[in-house]
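1. Attaching a predicted model along with its sequence, questions to come.
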Amino acid sequence: MNYDAYLHAKGLKTFDPYGQNDLLPLERQSPDVDQLEILNRYVVSSEKVYCHICGSKRHNNGFTGFVAGGGAILFGSTCAKGYFCEETLRLAELAFDRREEAAFAEFNVKRLKGTASEMQRWLQRYDGQIKAISESWDILLNQHDSTFEELFHHLSKNNNRLTEEFVEEASEISRAVGRNNKTVSRKVIFAIRNSISIKSIRDFRDHQRVVATLPLRLLEIDDAISRADLVELDQQLRSNFFRSLDEFEKVIRFSVEIFVEPAFSQICQWSDRQRIQKLHKTEVSPRNLAKTLRKKIGDGYELPRPMLREIIATENFLLGEKNPSHSTLITESSQR
């Protein structure tokens with residue numbers, strides 16, 4: 001349910017001003033200038049709506065008011081300000097504004113809890129994959145730390161690309177004419193789309209904990225929380241949560257990309273060759289890192305669809321947009 005539909009359900013907005021119960025006949029009325037209760041507001045784009053105060057169709061958006069003696073009237077703000085006593089109008093709009101504020105806070109809480117429930121379902125659905133990624137990195141960074149520290153250092157230096165240098169000796173013909181220079185070429189094995197630091201991976205469990213805690217906290221919010229308290233909660237959670245969420249998803253995307261074949265085998269084979277070059281030996285005991293690691297961490301993973309960020313959709317998810325319909329008659333000229 002969107003916010004307009006929610007206001008309609010709460011009786012604060014109508015999509016059919018002429019279809020309301022207790023609406024007085026569509027002719028000019030002369031209600032008591034000292035009594036008014038604002039029932040709802042409306043916006044009609046297809047036609048000008050009749051105004052009971054001026055007796056003509058002059059506006060597309062306006063208000064429904066309950067007046068002394070019973071019955072409801074339709075009016076625009078300009079006509080209301082010219083007809084009702086200033087204090088009467090001030091008190092009526094103040095009461096209506098409070099109803100709208102309460103509805104807006106209530107709508108936000110319901111929407112928040114709906115989002116929190118979706119977040120929980122996502123975390124439960126991908127719990128096994130998240131644990132597998134976390135445990136895989138524990139193995140790689142604890143048991144093969146030098147190998148993967150070298151990998152991350154290399155990626156950082158080479159614009160997130162896995163590269164390798166090849167040295168070609170001068171040919172016999174070149175040497176015969178005194179050209180003994182070696183030729184060094186660099187080959188890009190593959191480029192990684194999702195860049196990340198090794199620190200982000202080491203902090204993955206901490207970021208996961210922050211992300212998992214948020215929906216639990218949101219579901220505990222009192223349904224009657226005020227907008228002021230909601231603003232305070234938003235300020236407390238915003239920066240810390242979104243930073244952890246971004247880092248959490250970066251690790252998942254990076255892990256999915258490099259643990260899949262053929263990327264993982266290429267990384268391991270690259271590492272095997274780097275090892276041989278560093279040892280500067282003609283005979284080095286063979287190492288099949290890909291085979292060794294696959295036995296420890298298993299196969300790759302698929303990227304979750306959707307990602308958690310897509311469920312939340314916006315960094316304003318705690319408060320949503322500012323109440324689009326909230327404004328007083330004093331500041332808004334609804335009559336056109």
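-> In hand now; what should we look at?

2. Run the chain-centre distance for stretch 137-151.
-> Distance, stretch centre to chain centre, for stretch 137-151: 32 Å (C-alpha atoms, centre = their mean, to the nearest Å).

3. Do a quick rundown of the strands in the chain.
-> With DSSP state E, the ranges of strands along the chain come out as 36-43, 49-51, 56-59, 61-67, 72-75, 161-168, 183-191.

4. Compare these and report which one is nearest to F15.
-> strand 36-43 (7.1 Å; C-beta to C-beta). Heads up, the C-betas are built off the backbone N, CA and C, glycines and all.

5. hey, which of the strands of the chain is tucked in deepest?
-> Ranked by mean neighbour count, the strands of the chain are led by strand 72-75 with a mean of 24 (mean count of other C-beta atoms under 10 Å).

6. so what does it touch, helix or strand wise?
-> strand 49-51, strand 61-67 (3 or more C-beta pairs under 8 Å, 6 or more residues apart in numbering; DSSP states H and E).

7. Name the strands paired with the longest one and say parallel or antiparallel.
-> Sheet partners assigned to strand 61-67 using DSSP bridges are listed as strand 36-43 (antiparallel), strand 72-75 (antiparallel).

8. Which one of the strands of the chain lies nearest to I225?
-> Nearest to I225 among those is strand 36-43; the distance by C-beta to C-beta comes to 24.1 Å.

9. Now find how far off-centre the closest one is within its chain.
-> Computed by C-alpha atoms, centre = their mean, the separation of strand 36-43 from the middle of its chain amounts to 34 Å.

10. rewinding a little: reformat the helices and strands packed on strand 72-75 as TSV; add distance to K157 and mean pLDDT.
-> Formatted as TSV, the helices and strands packed on strand 72-75 follow (distance: least, C-beta to C-beta, whole Å; pLDDT from 0 to 100):
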stretch	distance to K157	mean pLDDT
strand 49-51	68	96
strand 61-67	61	96
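
11. Including distance to F241, could these go into CSV?
-> Putting those into CSV (distance: least, C-beta to C-beta, whole Å) gives the following:
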stretch, distance to F241
strand 49-51, 44
strand 61-67, 37
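
12. Go through those and name the closest to L7.
-> When those are compared for distance to L7 using C-beta to C-beta, the nearest one is strand 61-67, at 12.7 Å.

13. who's in contact with the closest one?
-> 14, 17, 20, 22-23, 29, 31-32, 35-44, 49, 51, 72-77, 80, 92, 329, 334-336 (C-beta atoms under 8 Å, 6 or more residues apart in numbering).

14. nearest to K113, of the strands paired with strand 61-67?
-> Using C-beta to C-beta as the criterion, the shortest distance between K113 and those is 25.7 Å, found for strand 36-43.

15. Let's test this: mean pLDDT of the closest one, rounded?
-> Model confidence over strand 36-43 averages 96 on the pLDDT scale.

16. swap in stretch 155-167?
-> Here the average pLDDT along stretch 155-167 is 87.

17. Fine, thanks again, bye for now.
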